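> got a predicted model here, sequence first, then my questions.
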Amino acid sequence: MNPPRPQLFGMLAGLFLAAGLVVSSMLGTTAWVKIKNSQFITAKGSTRKNVKSDLVVWKGSFTTEAATLLEAQQKLKADAAKVGRFLSDNGVTNLVLKPIAIDQIQASISNETNGESIARQITVGYHLTQKVRVESGEVEQVAQIDTTPLIAQGVLFTTEPPQFLYTKVAEEKIEMLADATKDARARAEQIAAQGSRSIANLHDAEMGIFQITPLHESDTSGDGLNDTSSLDKTITAVVTATFLLK
């Protein structure tokens, strides 16, 4: 004799409920085991430090032209003396003059031979260029040099944008890496606390690439950035640390 339909539905519902409780219990036990067996936690920490450049590299060049090489060299020598006096008056004492680059000025002329026009190149003058380089700790003073007075003296002088450098990055690294590791630990502690765990010892740490960027900029590069365009910079250090859990 078959059981009544309501009784059958009740039996089926009971079976489904029991099965659900078993599966739920199994999932809960599995999750608890995973949490219990997880002995490590990894977090990334960082620190930033704003610095002012302590070295400036200032580059320029001046040129001259003349019909003969001797005349061009004499004019360039006179211009070099003017450049030296000008920079000395602006507090620059470590001027470095680079080797002179000599280029011939060519012109094309044509000769008629047997009714044929033959072109050939001849040298009609010489173009000389000399580059200068200055490295100085007087960063702002050198960066603000205005070469207009040199041009007024007849010197064809051009400059490149100054390069601003911070030379104490190596000295900063140890302290900054320690601070970044502390930041990683603080982050790991916050995460572990959510699972009622706490942090034990540092297991290992991996140093990231230092980034030197203009102040208040956050660009990064896999090869590391080393900004030379700005006087004020931000150094960023990153550490990925793994800690033991307890």
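Sure thing, it's come through. Residues are numbered from 1 along each chain as shown.
> ranges for the helices of the protein?
5-37, 69-89, 139-143, 148-152, 169-193 (DSSP state H).
> which of these has the lowest mean pLDDT?
Ranked by mean pLDDT, the helices of the chain end with helix 5-37 at the bottom, a mean of 46.
> so where's the longest strand in this structure?
Using DSSP state E to define each element, the chain has its longest strand at strand 116-136.
> now the angle from that strand to helix 69-89?
20 degrees (axes from the mean of the first three to the mean of the last three C-alpha atoms, to 10 degrees).
> pull out the buried residues from strand 116-136.
Buried residues in strand 116-136, counted by 16 or more other C-beta atoms under 10 Å: Gly125, Tyr126, Leu128, Thr129, Gln130, Val132, Val134, Glu135, Ser136. C-beta: built from backbone N, CA, C; applies to glycine.
> so which pair among these is furthest apart in space?
Gly125 and Ser136 (35.7 Å; C-beta to C-beta).
> show me how the record splits this structure into domains.
Structural domains annotated on the chain: 39-52+168-245, 55-109+120-164, as defined by automatic domain parsing.
> from the buried residues of strand 116-136, pick the one nearest Val83.
Minimum distance to Val83 across those is 6.4 Å, recorded for Val132 (C-beta to C-beta).
> distance to Asn94 for the buried residues of strand 116-136 - can I get that in CSV?
Formatted as CSV, these follow (distance: C-beta to C-beta, whole Å):
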residue, distance to Asn94
Gly125, 33
Tyr126, 29
Leu128, 23
Thr129, 21
Gln130, 17
Val132, 11
Val134, 6
Glu135, 7
Ser136, 7
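> out of the residues you listed, who's nearest Met207?
Relative to Met207, the closest of the buried residues of strand 116-136 is Glu135; by C-beta to C-beta it sits at 29.5 Å.
> show me what the nearest residue to that closest one once chain neighbours are set aside is bridged to.
Distance criterion C-beta to C-beta, 6 or more residues apart in numbering; nearest residue to Glu135, sequence neighbours excluded, is Val57 at 5.5 Å. Judged by DSSP bridges, the bridge partners of Val57 are Glu135, Gln163.
> Val57 touches Gln163, doesn't it?
Yes - the pair Val57 and Gln163 passes the contact test of C-beta atoms under 8 Å, sitting 4.1 Å apart.
> just the pLDDT for Phe243.
95.
> contacts only, for it.
Residues in contact with Phe243, defined by C-beta atoms under 8 Å, 6 or more residues apart in numbering, are Phe40, Ile41, Thr42, Ala43, Arg185, Ala188, Ile199, Ala200, Asn201, Leu202, His203.
> need the nearest residue in space to the first one, chain neighbours excluded.
Same thing as Phe40. If the residues on either side of it in the chain are set aside, Phe40 comes closest to Thr242, at 5.4 Å by C-beta to C-beta, 6+ apart.
> need the contact list for Ala241.
So Ala241 contacts Thr42, Ala43, Lys44, Gly45, Thr181, Ala184, Arg185, Ala188, Leu202, Asp204, Ala205, Glu206 (C-beta under 8 Å, 6+ apart).
> quick revisit: drop anything exposed from the contacts of Phe243.
Taking 16+ other C-beta under 10 Å as the criterion, what is buried in those is Ile41, Thr42, Ala43, Arg185, Ala188, Ile199.
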